[in-house]
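Chemist: Give the three-dimensional model of this entry:
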Amino acid sequence: MSVTADSLPGAGAAAGPCAVQYDVTNSEAEPFTYTITFSVLDEQGRAMSNVEETVASVGAGKTVRRTLEHGGYPAGGTLGAGRVRILDVKRVPSDEAPAPAGTCPESGLRLTADQGDAAMGLRVVGLHLENCGRRTYSLQGYPELQLLDAEHEAVEGIEVLRGTDGIPMAGGDEGPPRPVTLRPGESAVSGLAWRNTTELGEAVTVPYVRVRAKAGSDPVMAAPHLDLGTTGELGVRAWRKDEADRGTGVSGGERPGDQGPYDVSPSS
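Modeler: So this is what the prediction gives:
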């Protein structure tokens, strides 16, 4: 896999605020979806802002070219490749990629992972499961997780705890898992919690997590970047009804969202 950026031919003041194209090459044996984070620099080389772009379903052995869209560059200025840095590239198999924003998958469910929170060495990432379809869905228990390294191989030696009681400062759980029924427009919440504590031993970072809403569900690969330090533990909270967020009330068609779906079985 490679990502490179180049200035557009003939770029100048007339080219507008964006004058950078970039190539994404997939050297894998299956289609992959890429999320690339660019840093946009000013004339002195100082970071102005970060831009994240997703290139979906790049075929095996293929190279695609895209134009970097960035409306925040000063009017009248030009943006060449010399003012763009590639900060990060995440890649997931296209058949496990999160659904694009503004769509509702065939399963009628969409999961979003928030930006997380970090304080005093505690890390928390929320998972939000939304019923964007027309049917009622039921589930109970914990999301199923598989921790993966940069090559999508399993990371060994990390204990996934059911609940966060064992994670210092993460707060206690609200009792045992309970059945959750999601009507159209309703959501459920879960979350990951860990301590970024580094002591003796080698610190562990987990860039990818393959998640299933429950056993047998189709997997979706998220990229929360778990900096677990040397703790060897990750806590996961049970699914709960999200009483604070009942969705937009739209079902069936396209709905906004940030991450992908988790296919859980509809209730009868």
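
Chemist: so what strands line up beside the helix or strand hosting Val236?
Modeler: In this structure, Val236 sits in strand 233-241 according to DSSP states H and E. Using DSSP bridges, strand 233-241 pairs in its sheet with strand 159-162 (parallel), strand 187-195 (antiparallel).

Chemist: Including mean pLDDT, could these go into JSON lines?
Modeler: Output for the strands paired with strand 233-241, formatted as JSON lines (pLDDT from 0 to 100):
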{"stretch": "strand 159-162", "mean pLDDT": "95"}
{"stretch": "strand 187-195", "mean pLDDT": "93"}
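
Chemist: out of these, nearest to Leu145?
Modeler: Smallest distance to Leu145 across the strands paired with strand 233-241 (C-beta to C-beta): 5.6 Å, for strand 159-162. For every residue, glycine as well, the C-beta is placed using N, CA and C.

Chemist: Would you mark the buried spots in the closest one?
Modeler: Within strand 159-162, the residues that count as buried by 16 or more other C-beta atoms under 10 Å are Val160, Leu161.

Chemist: which strands and helices sit next to whichever helix or strand comes after that strand?
Modeler: Next along the chain after strand 159-162, taking DSSP H and E as the criterion, comes strand 180-182. Other helices and strands packing on strand 180-182, by 3 or more C-beta pairs under 8 Å, 6 or more residues apart in numbering; DSSP states H and E, are strand 122-131, strand 137-139, strand 233-241.

Chemist: Turn the ones you listed into CSV, including mean pLDDT.
Modeler: Listed next are those as CSV, based on pLDDT from 0 to 100:
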stretch, mean pLDDT
strand 122-131, 89
strand 137-139, 91
strand 233-241, 95
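
Chemist: Include mean neighbour count when you put these into CSV, please.
Modeler: Below are those laid out as CSV (neighbours: other C-beta atoms under 10 Å):
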stretch, mean neighbour count
strand 122-131, 22
strand 137-139, 20
strand 233-241, 21
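
Chemist: Dump the strands paired with strand 233-241 into JSON lines; add distance to Val51 as well.
Modeler: Converted to JSON lines, these look like this (distance: least, C-beta to C-beta, whole Å):
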{"stretch": "strand 159-162", "distance to Val51": "33"}
{"stretch": "strand 187-195", "distance to Val51": "26"}
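
Chemist: Tell me which of the ones you listed lies nearest to Thr25.
Modeler: strand 187-195 (31.7 Å).

Chemist: State the mean pLDDT of the helix or strand that that closest one is followed by.
Modeler: As assigned by DSSP H and E, the chain's next helix or strand after strand 187-195 is strand 204-206. Taken as a whole, strand 204-206 has an average pLDDT of 95.

Chemist: list the helices and strands strand 204-206 packs on?
Modeler: For strand 204-206, the packing partners by 3+ C-beta pairs under 8 Å, 6+ apart are strand 226-229.

Chemist: wait, is Thr35 part of a strand?
Modeler: Yes. Looking at Thr35 with DSSP: H, G, I helix; E, B strand; the rest coil, it is inside a strand.

Chemist: Determine which of the strands paired with strand 233-241 approaches Ile36 most closely.
Modeler: Among the strands paired with strand 233-241, the nearest to Ile36 by C-beta to C-beta is strand 187-195 (23.8 Å).

Chemist: Can you give me the end-to-end span of stretch 222-234?
Modeler: With C-alpha to C-alpha, to the nearest Å as the measure, stretch 222-234 spans 15 Å from end to end.

Chemist: Just give me how far that stretch sits from the chain centre.
Modeler: From the chain centre to the centre of stretch 222-234 is a distance of 14 Å (C-alpha atoms, centre = their mean, to the nearest Å).
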